[in-house]
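J.: The following comprises the amino acid sequence and a computationally predicted model.
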Amino acid sequence: MTKKGVKISLEKGLQNQIRDFFKKGLEKGVFDAVILPVRVPGKDSYAWILMNNAKLIDQANPVPPVMPVQGAKALKALTRKGNGIINVATIMRSCEIRAAIELSKLNQVNLEKITLVSYDCPGAVPMKGYNRIPEEMEKSFQNALAGKDFANDKMKEVCGICVDFANSPADLHFGFAGMENDGILFSNSDKGTAILDTLKMKCSEDDSQWKNSVNIIKEQKSKNRIEVYKSIQPEVEGLDNLQTTFAKCIGCHNCQSVCPICYCRQCYFDSSASKQTADYLQDKAKNRGGIGFPRDKIMFQVGRMAHMSLSCVSCGQCMDACPVDIPVAKIFSYVAAKTQDTFEYHAGTTADGAVPLKVYKQDELNKIHELIKNAEPQGSQHE
Amino acid sequence: MEKEFIPRITSFVCKWCTYTGADLAGTSRLQYPTSIILLKVLCSSRIDPVFLIKSYLKGADGVLIGGCHPGDCHYETGNYHTRRRFKILTEIFSTLGLPKERLRLSWISASEGPKFAQVSNEFTDKIENLGPNNARENMFL
């Protein structure tokens, strides 16, 4: 089904086009404030700023090369204690939008007064690379953006396998993949349509060209995805390999604290319930011949998979934050693909519906206990 | 002489059905192995998948969840959620190549004492065949 969108010129660059859109929106009063990334004074990172004047919008970079803080976390901070009275608009990457949608399903973000805008995301530069040489990275990102290059190798590894770079349930979407000199702005929701109406933007452009090129890029990325999953599989197959992969984990729990989906205010793995007494540990050490610290590295990772993999949007923040370069994001993406497939769920891609663990069907998984009962012992490690 | 292997099976059982079922098995003088270590929870949906992961990694040879039959939950819908969570966990176990056959979910109602004994025997037999959990000896877990 083809959709109609607003034709936008990219002559002045995507950033300026987006800035103009937000300024116009503020002027006409369709929203009262915007949250945009602004480069920090040190020039080596970006911060989300809630603003309502046009001058500040000029300073903002709506499409930053890095993702230091997942946008969903900014929205969570803003609406954690309920909505304010004003309407706020924001523009984010697809993974940030999807995380925000997931959080709204989990009652952690209230999107009622938030207008979400997204764009065709060429990926994000890893924070570690950006920190060292910000100017160079800035330039190569701008080139990728201007050249509509969606397979740039400077981006995070998970960006290369992201099939949802142009697919999110945001109210409005700036599409430009595979288009010559212009782009297309279209709405995905009633809220978005109402905004375009108020701003008197005419939806005359057909989105078929954009859609086709998105599908071509998507196909390539799906292929990469299969490759990456294949390469990550032997690294996590079996307890021994899993342990080797996570052997260097220093137990900092950065991956958990930057994860947009991990919303618990007190994580079980940080709580005193997960800590043990000296007696217990000494006893364990006696039985096992010794025990390693920090404790529970595998339990933390596998436990986190059980807790959040159904909502994982594969944004790669965990891998970005890992000080010892464990490919956490790839592993989580691999596991999440499996668990989400189980319930034919694709985290964050639809705004309605509930997360699979919140709902159930009476007539499903009827054989689950028998299945386990009949499962024959497999794998050599237990024979 | 090698020590005889007596499995240790951590069993999380719901207060309203399986625990009462186990009670019935006891009062009916049915035999079931000592390998079953019961932990009473108010509802099977109280069981966080982390409990099972923890049990496995700390060396339990098997992990059993016992709950009311679907539709019979004391809290009406708890066991439907347990079922989904258990499915997710087995999916993660099979993705990571961990022994998902060491996990088991069984619906045992309060009147099914014999079933409790049967499940205990069956599961213990299976775990005996699988051998001890090698995570128990692991220093790094």
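T.: Sure thing, it's come through. Residues are numbered from 1 along each chain as shown, chains lettered A, B, ... in the order given.

J.: Report the secondary structure element holding the most centrally placed residue in chain B.
T.: When CA atoms, centre = their mean is applied to chain B, the residue found nearest the centroid is residue B:64 (0.6 Å). Per DSSP states H and E: residue B:64 is located in strand B:62-67.

J.: in its sheet, what does that strand sit against?
T.: strand B:9-14 (parallel), strand B:103-107 (parallel) (DSSP bridges).

J.: which residues in chain B form helices?
T.: B:18-27, B:49-57, B:78-95, B:113-130 (DSSP state H).

J.: who wins for proximity to residue A:10 among the ones you listed?
T.: Smallest distance to residue A:10 across these (CB to CB): 41.9 Å, for helix B:78-95. (Glycine included, C-beta is placed from N, CA and C.)

J.: Could you tell me the angle between the closest one and strand B:62-67?
T.: On the basis of axes from the mean of the first three to the mean of the last three CA atoms, to 10 degrees, helix B:78-95 is oriented at 160 degrees to strand B:62-67.

J.: tell me how far the ends of stretch A:271-282 are from each other?
T.: Terminal residues of stretch A:271-282 lie 21 Å apart, using CA to CA, to the nearest Å.

J.: what's in contact with that stretch?
T.: Residues from elsewhere that reach stretch A:271-282 (CB atoms under 8 Å, 6 or more residues apart in numbering or on different chains): A:268, A:291, A:295-296.

J.: ok, which of those residues also contact chain B?
T.: Among those, the residues that sit close to chain B (CB under 8 Å from any CB of the partner chain) are A:268, A:291, A:296.

J.: By neighbour count, which of those wins?
T.: Highest neighbour count within these: residue A:296, with 20 neighbours (other CB atoms under 10 Å in any protein chain shown).

J.: Provide a list of residues in contact with the residue nearest to the residue nearest to the centre of chain B when sequence neighbours are not counted.
T.: Spatial nearest neighbour of residue B:64, chain neighbours left out: residue B:11 (4.1 Å); criterion: CB to CB, 6 or more residues apart in numbering or on different chains. Neighbouring residues of residue B:11 by CB under 8 Å, 6+ apart: B:36-39, B:63-66.

J.: returning to what we had before: can you lay out the strands paired with strand B:62-67 as TSV showing mean pLDDT?
T.: Converted to TSV, these look like this (pLDDT from 0 to 100):
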stretch	mean pLDDT
strand B:9-14	96
strand B:103-107	94
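
J.: Residue A:158: which of these is closest?
T.: strand B:103-107 (29.6 Å).

J.: Please identify which residue in the stretch 51-200 of chain A comes closest to chain B.
T.: residue A:106 (14.7 Å; CB to the nearest CB).

J.: Could you list the residues in contact with the strand holding residue B:64?
T.: Outside strand B:62-67, the residues that touch it by CB under 8 Å, 6+ apart are B:7-14, B:17-19, B:21-22, B:35-36, B:43-45, B:47, B:52, B:55-56, B:73, B:78-79, B:82, B:86, B:102-108, B:116, B:119, B:123-124, B:126-127.

J.: do stretch A:26-45 as well
T.: With contact meaning CB under 8 Å, 6+ apart, stretch A:26-45 is reached by A:22, A:25, A:46-54, A:56-57, A:59-62, A:64, A:66, A:68, A:74-75, A:78, A:86-91, A:115, A:127, A:130-131, A:134-135, A:195, A:198-199.

J.: re earlier: just put the helices of chain B in TSV and tack on mean neighbour count and distance to chain A.
T.: Below are those laid out as TSV (neighbours: other CB atoms under 10 Å in any protein chain shown; distance: least, CB to the nearest CB, whole Å):
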stretch	mean neighbour count	distance to chain A
helix B:18-27	20	12
helix B:49-57	22	4
helix B:78-95	22	4
helix B:113-130	20	5
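
J.: Is it possible to mark the buried ones in the contacts of stretch A:26-45?
T.: A:22, A:25, A:46, A:48-51, A:57, A:60-62, A:64, A:66, A:68, A:74-75, A:78, A:87-91, A:115, A:127, A:130, A:134, A:195 (16 or more other CB atoms under 10 Å in any protein chain shown).

J.: so which of the residues you listed also contact chain B?
T.: Among the buried ones among the contacts of stretch A:26-45, not one lies near chain B by CB under 8 Å from any CB.

J.: nearest residue to residue 115 other than its sequence neighbours?
T.: Chain wasn't specified; assuming chain A. residue A:89 (4.0 Å).

J.: wrong one, chain B
T.: Residue B:115 sits nearest to residue B:108 (CB to CB, 6+ apart), 5.2 Å away.

J.: So the one you found is in contact with residue B:16, correct?
T.: No - under the contact definition of CB atoms under 8 Å, residue B:108 does not touch residue B:16, with a separation of 11.0 Å.

J.: So the two - more neighbours on which side?
T.: The residue with more neighbours, out of residue B:108 and residue B:16, is residue B:108; 30 against 20, by other CB under 10 Å.

J.: Enumerate every residue touching that one.
T.: B:13, B:17-18, B:21, B:66-67, B:115-116, B:119 are the contacts of residue B:108 under CB under 8 Å, 6+ apart.

J.: Recalculate using a threshold of 7 Å.
T.: Neighbouring residues of residue B:108 by CB atoms under 7 Å, 6 or more residues apart in numbering or on different chains: B:17-18, B:21, B:66, B:115-116, B:119.

J.: quick revisit: in strands only, show me the contacts of stretch A:26-45.
T.: Those of these mapping onto strands are A:46-51, A:88-91, A:115, per DSSP state E.

J.: and stretch A:291-311, which residues are buried?
T.: A:291, A:295-311.

J.: do the same with stretch A:117-131
T.: A:117-127, A:129-130.

J.: The top helix by length along chain A vs helix B:78-95, what angle?
T.: If you go by DSSP H, chain A has its longest helix at helix A:208-236. Using the same axes, to 10 degrees, one finds that helix A:208-236 and helix B:78-95 are set 80 degrees apart in direction.

J.: wait, does helix A:208-236 contact chain B?
T.: Yes - Helix A:208-236 is in contact with chain B by CB under 7 Å from any CB of the partner chain, via residue A:236.

J.: continuing past that helix, what's the next helix or strand?
T.: helix A:238-245.

J.: Quick check: next helix or strand after that next one?
T.: Following helix A:238-245 toward the C-terminus (DSSP H and E): helix A:254-258.
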